[in-house]
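Undergrad: my questions concern the predicted model and sequence given below.
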Amino acid sequence: MSASNDFLFRGDLASIDPAVAELINHETARQIRKLIMIPSESTAPQAVREVLMSPLQNIYAEGYPDPRTRAQNETQILDYDEQLAYYRRYGDPRYYKGVEYADIVEALARRRTAAAFATEIIGPGRIFVNVQPLSGAPANNAVYEALVKPGDTVMGMSLIAGGHLSHGSPVNRSGKHYNIVAYDVDPQTELLDYDKIRAQALQAKPKMIIAGY
């Protein structure tokens, strides 16, 4: 769809809101000129940015594609005739309609991710993949919801030692809903003292231990 045929607005961003367009240009130049190494940031290639600004962002695809696509290979997933015929015949497990192509996109992403982690022993059809979390924090929340209950004891690396807010910070839901026991790095070596962490775990008896930083 060209800018002249857009339903809501006529024209591109530079003509509709030149101030915001200029700010985006400045930010683009800043990212080209400067390297700021923040662990949670990444530089998305142009192809990724094209996908993020595609009409796929217009739809509300709550839920998941049909489970059968987890066992299908890429060729089967991209068989539009079969996929669309199945969609029309059996409906869709998502809550809203108009997601027949979004289903294929998500199924394809899941399969490619599974293939990337597959081994000779564990094939991609046996690997469960969820590609929906938008960042690490929602992904961590999904793990909390799946494995522990509010009030359970959880061990996580303290924020000052390199842990994340979602590892039990009192300002995060993880620190508000769970009994957090924090472990640190050794102040002298700046390394994890696994004997000390093991002693903490034996004393606290957490339902879950978060490893990583």
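TA: Yep, it's here. Remember, predicted model here, so these are calculated numbers, not experimental data.
Undergrad: give the helix, strand or coil label for the residue of the chain positioned farthest from its centre.
TA: Using C-alpha atoms, centre = their mean, the residue of the chain lying farthest from its centre is Gln188. It sits 35.0 Å away. The three-state label given to Gln188 by DSSP: H, G, I helix; E, B strand; the rest coil is coil.
Undergrad: so what's the residue nearest to the spatial centre of the chain scoring on pLDDT?
TA: Nearest to the mean C-alpha position of the chain, counting by C-alpha atoms, centre = their mean, stands Pro133 at 2.9 Å. According to the model's per-residue confidence, Pro133 sits at a pLDDT of 72.
Undergrad: is it true that it touches Ala139?
TA: Yes - proximity of Pro133 to Ala139 meets the contact threshold set by C-beta atoms under 8 Å, at 3.9 Å. For glycine as for every other residue, the C-beta is placed from the backbone atoms N, C-alpha and C.
Undergrad: find the nearest non-adjacent residue to Ala71, please.
TA: Excluding the flanking residues, the one nearest Ala71 by C-beta to C-beta, 6 or more residues apart in numbering is Gly125, at 4.7 Å.
Undergrad: repeat that for Tyr178.
TA: Using C-beta to C-beta, 6+ apart and skipping the chain neighbours, the partner closest in space to Tyr178 is Val154 (4.7 Å).
Undergrad: can I assume that neighbour sits in a helix?
TA: No - the secondary structure assignment for Val154 gives strand rather than a helix, going by three-state DSSP.
Undergrad: per-residue pLDDT, it?
TA: At Val154, the predicted lDDT confidence score is 97.
Undergrad: so what pairs up with it in the strands?
TA: Judged by DSSP bridges, the bridge partners of Val154 are Ile180, Met208.
Undergrad: for it, what are its contacts?
TA: With contacts defined as C-beta atoms under 8 Å, 6 or more residues apart in numbering, the neighbours of Val154 are 144, 148, 168, 174, 178-181, 206-210.
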